[in-house]
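> please find the sequence and the predicted model below.
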Amino acid sequence: MSKADKDPATPWRNFYGRIKGQSLNARQEQDLEELLPKLSLKNVTREDNPDRTPLDIDAIRDGRPVWLEVGFGSGEHIVHQAQANPDVLIIGCEIYVNGVASLLGKIRREGVENILIHAGDARDLLDVLPSDSLDKMFLLYPDPWPKARHHRRRFVTPEHLDPLAEKLKSGHEFRVATDIEDYVRQTLEEVPRAGFTLTEAPDDLSKPWADWFSTRYEQKALREGRSPHYMTFIRD
């Protein structure tokens, strides 16, 4: 009997990709032990919330718009947006432990107070976010999974996009940035099928957003000759 058969409310999901990289330093370990529990969203994981009861988003937002960034990397963009938009609550979702530790360090040093973290699988978070609870969503330089047989692992697939469409308010933005041409292709194919409309012409995706923060990853991509693409979709 599979785990899903044992408990249909908490289906088992495979996760592909790295969860931890090189060893963390003592300060990062301390941040994970002391700071992360204070900033973590509660009742998101299947262990803590096996019935997948929706979060009380109104209590969490405290009157603020809620933005979500999936896969925040080292946290450069999410901290930039939090500082530029102090009246917005931004939820960052990242399963890579080293990235979570990097973000925690930036939050501590910059004194940012409007970020919450889900250090886990984005699918678990989307399970428990109520419908129409998000005001904006970012997917920035996601894992490209370049091999064709791995394209089903990309975020821009129905497994992720269908629940996202339910959580994002109608008329609100879903931003996607990538430097991988085939990821652009799949994004332009799959995201509209989930109920979104692209705001730019498909052949004019090279202009970054006015409030964009170019991360170290993007700068590396530019140095290596890869072209960033910036796509803005509106939830229908």
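Yes, it's here. Numbering: from 1, shown residues only.
> residue 222 and residue 206, how far apart?
12 Å (C-beta to C-beta, to the nearest Å). Glycine gets a C-beta too; all of them are placed from N, C-alpha and C.
> overlap in contacts, these two.
Jointly contacting residue 222 and residue 206 under the rule C-beta atoms under 8 Å, 6 or more residues apart in numbering are residue 228.
> out of the two, which sits in the more crowded spot?
Neighbour count, other C-beta atoms under 10 Å: between residue 222 and residue 206, residue 222 has more, with 13 against 10.
> right, and the helix or strand after the helix or strand that contains the more buried one?
Using DSSP states H and E, residue 222 maps to helix 216-223. The helix or strand immediately downstream of helix 216-223 is strand 229-235, counting by DSSP H and E.
> name every strand pairing with that next one and say which way it goes.
Paired strands of strand 229-235, with direction, are strand 168-178 (antiparallel), strand 196-198 (antiparallel) (DSSP bridges).
> in JSON lines, list these along with mean pLDDT, distance to residue 89 and mean neighbour count.
As requested, these are exported to JSON lines (pLDDT from 0 to 100; distance: least, C-beta to C-beta, whole Å; neighbours: other C-beta atoms under 10 Å):
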{"stretch": "strand 168-178", "mean pLDDT": "98", "distance to residue 89": "14", "mean neighbour count": "19"}
{"stretch": "strand 196-198", "mean pLDDT": "97", "distance to residue 89": "23", "mean neighbour count": "17"}
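> need the ones you listed in JSON lines with distance to residue 50, can you?
JSON lines is the format used below for the strands paired with strand 229-235 (distance: least, C-beta to C-beta, whole Å):
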{"stretch": "strand 168-178", "distance to residue 50": "26"}
{"stretch": "strand 196-198", "distance to residue 50": "31"}
